[in-house]
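Colleague: The sequence isn't on hand, but the structure is:
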């Protein structure tokens, strides 16, 4: 608004003043024009101006009433809803009334929180979706023309947003925690006055990953593991997620109950026939090892179920025992189990052990006699083997090898007595063979070693003749013919102390004859153990030949519930493919030499499906099988005892029992 004061005539030195309601607004000056920008309705009123020439009185104009029309009223800030609670959408409105001359005037609305401008727009509404406690404070608004010449601000209002629920805190139980415990995480929050009936959703996080979202404020982890360690947090939220509050993170460190096991091997590669010991080792544990159990596996099949022993032994390793082995440790009370890495164990053929034979086959001779010792290494000797001979552990032939397989002793002397061994480049040394050279007058000659099934011959030897009598354990035994005592197909009952005499004048020293076991009593072994229905099952008739008779062929037969399922053959394994109910029962096996001179039966082993209970029928089968086993054992004992008797001069052998055994 501009007000001008005109004075006529125009004189030099005129000064002008402006009055409103007889109150001077602008005192006398040379300016006759006054600007009011911007004009305000409060500036309406009676205005007069005055002019005053130099050194003369002022002359006032008549009153002029000036009315300034209001473009819009002072705004009022309003809130909706009122009162407001956390999570509501808060609407603030800047209400103003436009005057008659302001109906078409465009307005800009500005909202403030405290001293900070939070919105400037053409909208008279400021919305806060999902308000929080931090939105509490003093708010005001202003309406202003786009050129900012008219600016009107509202009064200030105070908005208090009550908390719906507090920021949650995550709590741990138990604390401290150990591996295997059940971990409980609770998301604790306090509901405010307006949130008592508000349903909340609770979210749990591990790191940045959501692990549970539910109405429950508890998150449970049964039997926690080390890998469950990490940073955990929780959040409480309204179902529509308008109010969401997250707890500070906490770090949970779960100490290891026991370390991952390591499978250690007594030897790898391991020589065929050697004993193998597997040990499942843990390097650290927070519990007593008495609380732990160990299991062992071969190519994924269970060798030994969970027991308190951390060792598994194979007493005589075979080449087919090569494979991937592992072990597992478990804590039964918590169900925690950890497996070792897989270790490949290689079973290799051992160096051949030679066999030294005597010809004649006497371990004691008289001075002046001769004897030939022969080193037999079988087919592994190569094309041109070199032999080393040892006497009492000292290398013979001036510490040189020779291409001679035999060592001949002519015109024996007492100094030739001792233990003899041989060796090739590709073999071990043989088991020591003792040779005794005496100068008589009478000796009882016997072979150095006797095995089950061998024919045993002993000679009462002297340089002079006479009637001969043999004694076993001080009981007289008549010679078979002349000065020879001969027994066919001996067994362990032939073991004893022997001597002989001539004409009751000369008597030999005692000679102890021990009949060695040709092979061990067989055992039934099954893989996997226990077998599962539908799986392939391998049943092994496990026995071990004496190392000096390792090349002896053996035949194997298998029985289930007393019935033959596999006739005698060279295979010591019986395969069952896709095992079913008809394959469960009482298994046994038999091992014999091809001639049937040595035969041994295993114990009865019950094989059943994993988790399957025995029935009364199985009990009957077990009883019948035990009876058959005892009957077969009696027949075998009677057979072997009869074979031990002195062979008649006709040289015939009795074969009547072999037919019965073949029907077992």
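Modeller: That came through, no problem. This is a predicted model, so every value here is computed, not measured. Numbers count the residues shown, from 1 in each chain.
Colleague: which residues of the stretch 301-450 of the chain score low on pLDDT?
Modeller: Along the stretch 301-450 of the chain, segments meeting pLDDT under 70 span 350-351, 379-383.
Colleague: which residues does residue 435 contact?
Modeller: Residue 435 is in contact with 358, 363-365, 371, 373, 409, 416-420, 448, counting by C-beta atoms under 8 Å, 6 or more residues apart in numbering. The C-beta positions use only the backbone N, C-alpha and C, and glycine is treated the same way.
Colleague: Equivalent analysis for residue 504, please.
Modeller: residue 469.
Colleague: Could you rerun that using 10 Å?
Modeller: The contact partners of residue 504, by C-beta atoms under 10 Å, 6 or more residues apart in numbering, come to 466-467, 469.
Colleague: Near the closest residue to residue 173 other than its chain neighbours, how many other residues are there?
Modeller: Nearest residue to residue 173 in three dimensions, chain neighbours excluded: residue 184, at 4.6 Å (C-beta to C-beta, 6 or more residues apart in numbering). Neighbour count for residue 184, taken as other C-beta atoms under 10 Å: 16.
Colleague: A strand includes residue 184, no?
Modeller: Yes. Checked against DSSP: H, G, I helix; E, B strand; the rest coil, residue 184 lies within a strand.
Colleague: Among the contacts of residue 504, which one lies nearest to residue 234?
Modeller: residue 469 (100.3 Å; C-beta to C-beta).
Colleague: Does the closest one belong to a helix, a strand or coil?
Modeller: Assignment for residue 469 (three-state DSSP): strand.
Colleague: Return the mean pLDDT over whichever strand or helix holds residue 172, rounded to an integer.
Modeller: Secondary structure from DSSP states H and E places residue 172 in strand 169-173. When pLDDT is averaged over strand 169-173, the result is 97.
Colleague: So the residue nearest to residue 173 versus residue 228, what's the distance?
Modeller: 13 Å (C-beta to C-beta, to the nearest Å).
Colleague: Kindly report the same for residue 368.
Modeller: Taken as C-beta to C-beta, the span from residue 368 to residue 228 is 87 Å.
Colleague: got it, and residue 370?
Modeller: From residue 370 to residue 228 the distance is 82 Å (C-beta to C-beta).
Colleague: show me the residues around residue 414 that make contact.
Modeller: Residue 414 touches 366-367, 436-439, counting by C-beta under 10 Å, 6+ apart.
Colleague: Next, the buried residues of the helix or strand hosting residue 437.
Modeller: Here residue 437 sits within strand 433-438, counting by DSSP H and E. With burial defined by 16 or more other C-beta atoms under 10 Å, the residues of strand 433-438 counted as buried are 433, 435-438.
Colleague: Equivalent analysis for stretch 67-80, please.
Modeller: Buried residues in stretch 67-80 (16+ other C-beta under 10 Å): 68, 70-72, 75, 77-79.
Colleague: Show me which of the buried residues of strand 433-438 is closest to residue 530.
Modeller: residue 433 (46.5 Å).
Colleague: what about the closest residue to that closest one other than its chain neighbours, how many neighbours?
Modeller: Distances taken as C-beta to C-beta, 6+ apart place residue 356 nearest to residue 433, at 4.7 Å, with adjacent residues excluded. Residue 356 is flanked by 22 other residues according to other C-beta under 10 Å.
Colleague: was I right about residue 356 contacting residue 371?
Modeller: No. Judged on C-beta atoms under 10 Å, residue 356 makes no contact with residue 371 at a distance of 11.3 Å.
Colleague: Need the residues touching each of these two.
Modeller: In contact with both residue 356 and residue 371: 407, 420, 435, using C-beta under 10 Å, 6+ apart.
Colleague: For those, please prepare TSV with the additional fields distance to residue 54.
Modeller: TSV is the format used below for the shared contacts of residue 356 and residue 371 (distance: C-beta to C-beta, whole Å):
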residue	distance to residue 54
407	163
420	161
435	166
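Colleague: for those residues, which one is nearest residue 145?
Modeller: For the shared contacts of residue 356 and residue 371, the nearest to residue 145 is residue 420 (128.0 Å; C-beta to C-beta).
Colleague: Neighbouring strands of the strand or helix carrying that closest one in the sheet, and parallel or not?
Modeller: Taking DSSP H and E as the definition, residue 420 sits inside strand 418-424. If you go by DSSP bridges, strand 418-424 pairs up with strand 387-391 (antiparallel), strand 433-438 (antiparallel).
Colleague: Export the ones you listed as a markdown table, with columns for distance to residue 496.
Modeller: As requested, the strands paired with strand 418-424 are exported to a markdown table (distance: least, C-beta to C-beta, whole Å):
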| stretch | distance to residue 496 |
| --- | --- |
| strand 387-391 | 30 |
| strand 433-438 | 19 |
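Colleague: Could you grab the helix/strand/coil label for residue 290?
Modeller: Residue 290 - assigned by three-state DSSP - is helix.
Colleague: roughly how far apart are the closest residue to it other than its chain neighbours and residue 42?
Modeller: Excluding the flanking residues, the one nearest residue 290 by C-beta to C-beta, 6+ apart is residue 308, at 7.1 Å. Counting by C-beta to C-beta, the separation of residue 308 from residue 42 is 100 Å.
Colleague: What of residue 492?
Modeller: Residue 492 is 135 Å from residue 42, by C-beta to C-beta.
Colleague: higher neighbour count, those two?
Modeller: residue 492 (12 against 8).
Colleague: For residue 349, list the residues it contacts.
Modeller: 271-273, 319, 380.
Colleague: Sitting in helices, which of those residues do you find?
Modeller: Among those, no member is found in helices (DSSP state H).
Colleague: In CSV: these, plus distance to residue 443 and neighbour count.
Modeller: Below are the contacts of residue 349 laid out as CSV (distance: C-beta to C-beta, whole Å; neighbours: other C-beta atoms under 10 Å):
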residue, distance to residue 443, neighbour count
271, 39, 13
272, 40, 17
273, 36, 18
319, 44, 11
380, 36, 13
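Colleague: So which residues of this protein form helices?
Modeller: 616-644, 656-662.
Colleague: weakest of those in terms of mean pLDDT?
Modeller: helix 656-662 (a mean of 28).
Colleague: what touches both of residue 184 and residue 228?
Modeller: By C-beta under 10 Å, 6+ apart, the residues touching both residue 184 and residue 228 are 177, 221.
Colleague: for the contacts of residue 414, which one is nearest residue 199?
Modeller: Distances from residue 199 to the contacts of residue 414, taken by C-beta to C-beta, are shortest for residue 436, at 101.5 Å.
Colleague: List the residues that contact that closest one.
Modeller: Residues in contact with residue 436 (C-beta under 10 Å, 6+ apart) are 362-365, 412, 414, 416-418, 443, 445, 448, 511.
Colleague: Roughly how far does residue 269 sit from residue 434?
Modeller: In terms of C-beta to C-beta, residue 269 sits 34 Å off from residue 434.
Colleague: Let me fix that, I meant to ask about residue 525.
Modeller: Distance of residue 525 to residue 434, given as C-beta to C-beta: 37 Å.
Colleague: Identify the residues contacting residue 549.
Modeller: 355, 449, 451-454, 516-519, 593.
Colleague: if we can go back for a sec, what about the contacts of residue 436, which are in strands?
Modeller: Assigned to strands by DSSP state E, the following of these qualify: 364-365, 418, 443, 445, 511.
Colleague: From the residues you listed, pick the one nearest residue 578.
Modeller: residue 511 (57.5 Å).
Colleague: Report the beta-bridge partners for the closest one.
Modeller: According to DSSP bridges, beta-bridge pairing links residue 511 with residue 498.
Colleague: ditto for residue 78
Modeller: For residue 78, the beta-bridge partners under DSSP bridges are residue 93.
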